[in-house]
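Undergrad: Dropping the sequence and predicted coords here.
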Amino acid sequence: MMAVNRYRLKHLAKSGQRGAKLAEWLLARTDKLLGVVLLGNNLLNAASASLLTVVTFRLFGANELAMTMATLSVTFLILVFSEVTPKVIGASYPDRIASASSFVLVPLLKVFYPVVWFINLFVHGLLRLTRLTPPDGGHGNTMGVEELRSLLTESGSFLPAAHRTMLVNLFDLENLTVDDVMRHRGEIEAIDLNAGPEEIVHHLQTSHHAHLPVYRDELNEVLGIVNVRRALARQGEEPLQPDEFVEALKAPYFVPSGTPLLTQLGHFQNNRQSMGLVVDEYGELLGLVTVEDVLEEIVGEFAGVSPLPTRYWQVEADGSYLVDGAASLRELNRKLGLDFPADEARTLNGLILEYLEAMPEVGVTIKIASHPVEIIQIAGRKVKTARIQPIPTPLH
C-alpha cells in the first residue's frame, strides 16, 4: 500500500477501477490504514507465537530447550512467511496487490473501526506531545517544479525523448526572458523609409522574412510593420507610393525588456501578434522577438526558409570552433555542448569583454569554463571572430 504509485493509482481510480478507488480511499486515511493493518498483523503474530509455544510444551514438555526451539522456530516462520516474503512481493507488484488487498482491508477497517479509533486516540495524543503533525491525506504527495523535472528526466523509455525534452524546456521558460532569445538590434533586418522607392521594393523582393519593421532615420523611430507579401501584391507594376506604403503599415507591438518568455507567449496569443520589438525603460530599441523564437526554446530549432547560413560558427580541421562574436551564448551551449556562463552576458563578444575587463586585442587568449578562447578578429571595440578550443581529453 505504501509503495504504490499514487499518480498511477489516481489514474486507475478515475478510469473506474473499483480496487483502485478503495486503495485511494484508504491511502487518504493513512493512520486508520496503518492501524487496521498492524492490528491484524500483530494479533496474528502473537497468536501464532502463543499457539506454537503451547504445541511445543505439549509435545516436548515445559523446559528451556523446548522454549528456545519454539522461539527460534516461530521467529523464522514469521520472518519468512509473514514479514519478508509478503513485503518483497508487495514492493515488487504494489499497484496490483494494493487494489486487490483493498477489498479485504476496507471491510476489516469497518469491523474493527472502534479498536482502530481507540489506538489512534493514543497515537494522535503522542504526536501532539512531540509536536509532530502529520500532513492531511494526499497533501504530502504533491510535486513541485523541480520534482516534476526530475520525474521527466528519469522517465526513461516510458516517454519519447523528444516529448521529454519539450516538457523539460517548458519548465525552463520560467527562468528565461525575451532578452535571452531576441534578435539583437544590430541583427534586425528593417526598411528605411528614407531610401528610394526602388530600393524599398528591391528590399521587399529579396527579403526572406514575412514581416519587416519600417523606420525613418534610425531604428528607434519605427513607424510600423510591413507584411512583405501583401506589400508586393499591392505594388504590382506601378511605382511605390510612400504615403500609401506608410498607411498600410501595421502598428508596431512593443515588448518591455525582461518580460518572462512564458508570459510573453501568452501576450502574443492574447494580442494576436507574432512579432514584438523589445525596448528598455527609456524606450530604446534593444531587439526583436517572434513567436518562433519562443517556440524554438520548447520544441527546438525550426528549419529556416532563408538560404543564408543561420549558424554563427564553423568547425575547423583541428576540432576547434571559429565563432562569430555576435553568437548567442545559450545557442552555443546548447548546440556545441559548451558550458559558458550566460547569467550576465548574452553573446560571446559580451562574455569575452566581461572576462577581459579591457578592450579586446587580436591574438589574446583567455580561458572560459575550461575552454581556451582566442580573439581572431576585432571590429571597432567588439570581438568579430573568436576561436574556441575543445577541452583537452586527459591521458590515462
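TA: Good, I have the coordinates.

Undergrad: ok, S99 to G19 distance?
TA: Computed as CB to CB, to the nearest Å, the S99 to G19 distance reads 3 Å. For glycine as for every other residue, the C-beta is placed from the backbone atoms N, C-alpha and C.

Undergrad: next one: P86
TA: From P86 to G19 the distance is 18 Å (CB to CB).

Undergrad: What of E331?
TA: Counting by CB to CB, the gap from E331 to G19 is 51 Å.

Undergrad: Same check on E199?
TA: From E199 over to G19 (counting by CB to CB), the distance is 75 Å.

Undergrad: who has more neighbours, these two?
TA: Using other CB atoms under 10 Å, the more surrounded residue of E199 and G19 is G19, with 20 against 13.

Undergrad: check which helix or strand covers the more buried one.
TA: Following DSSP states H and E, the helix or strand that holds G19 is helix 18-27.

Undergrad: go on, N42?
TA: Per DSSP H and E: helix 30-60 holds N42.

Undergrad: how far off helix 30-60 does the next helix or strand after that helix point, in degrees?
TA: Counting by DSSP H and E, the next helix or strand C-terminal to helix 30-60 is helix 64-77. For helix 64-77 against helix 30-60, the angle by axes from the mean of the first three to the mean of the last three CA atoms, to 10 degrees is 140 degrees.

Undergrad: distance of the residue nearest the centre of the chain from E357?
TA: Among the residues of the chain, the one closest to the centroid is V168, at 2.8 Å (CA atoms, centre = their mean). V168 sits 35 Å away from E357 when distances are taken as CB to CB.

Undergrad: Low-confidence regions, the stretch 51-200 of the chain specifically.
TA: 134-145, 156-158 (pLDDT under 70).

Undergrad: give me that answer again for 90
TA: 51-75, 77-79, 81-83, 86-87, 90-101, 112-113, 115-117, 119-189, 193-200 (pLDDT under 90).

Undergrad: would you put the C-alpha positions of stretch 147-159 in CSV?
TA: C-alpha atoms of stretch 147-159 as CSV (Å, rounded to 0.1, in the frame of the first residue of the first chain):
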residue,chain,number,x,y,z
GLU,A,147,10.2,17.2,-8.6
LEU,A,148,8.3,17.2,-11.9
ARG,A,149,11.6,18.0,-13.8
SER,A,150,13.3,15.0,-12.1
LEU,A,151,10.3,12.8,-12.8
LEU,A,152,10.5,13.7,-16.5
THR,A,153,14.3,13.3,-16.6
GLU,A,154,14.1,9.8,-15.1
SER,A,155,11.0,8.7,-17.2
GLY,A,156,13.3,6.7,-19.5
SER,A,157,11.5,4.6,-22.1
PHE,A,158,8.1,5.5,-20.7
LEU,A,159,8.2,8.8,-22.5
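
Undergrad: now A100, nearest residue through space, not along the chain?
TA: Closest residue to A100 in three dimensions, ignoring its sequence neighbours and counting by CB to CB, 6 or more residues apart in numbering: G19, at 6.1 Å.

Undergrad: Show me where the stretch 51-200 of the chain has its helices.
TA: For the stretch 51-200 of the chain, the helices defined by DSSP state H, counting those that start in this stretch cover 64-77, 85-92, 94-111, 113-129, 145-153, 161-172, 178-181, 197-206.

Undergrad: And for the stretch 251-396 of the chain?
TA: Secondary structure of the stretch 251-396 of the chain by DSSP H, counting those that start in this stretch: the helices cover 261-271, 291-299, 329-336, 348-356.

Undergrad: any chance of the ones you listed in CSV, with mean pLDDT, mean neighbour count and distance to Q389 too?
TA: Formatted as CSV, the helices of the stretch 251-396 of the chain follow (pLDDT from 0 to 100; neighbours: other CB atoms under 10 Å; distance: least, CB to CB, whole Å):
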stretch, mean pLDDT, mean neighbour count, distance to Q389
helix 261-271, 90, 15, 32
helix 291-299, 84, 16, 28
helix 329-336, 82, 17, 12
helix 348-356, 89, 19, 14
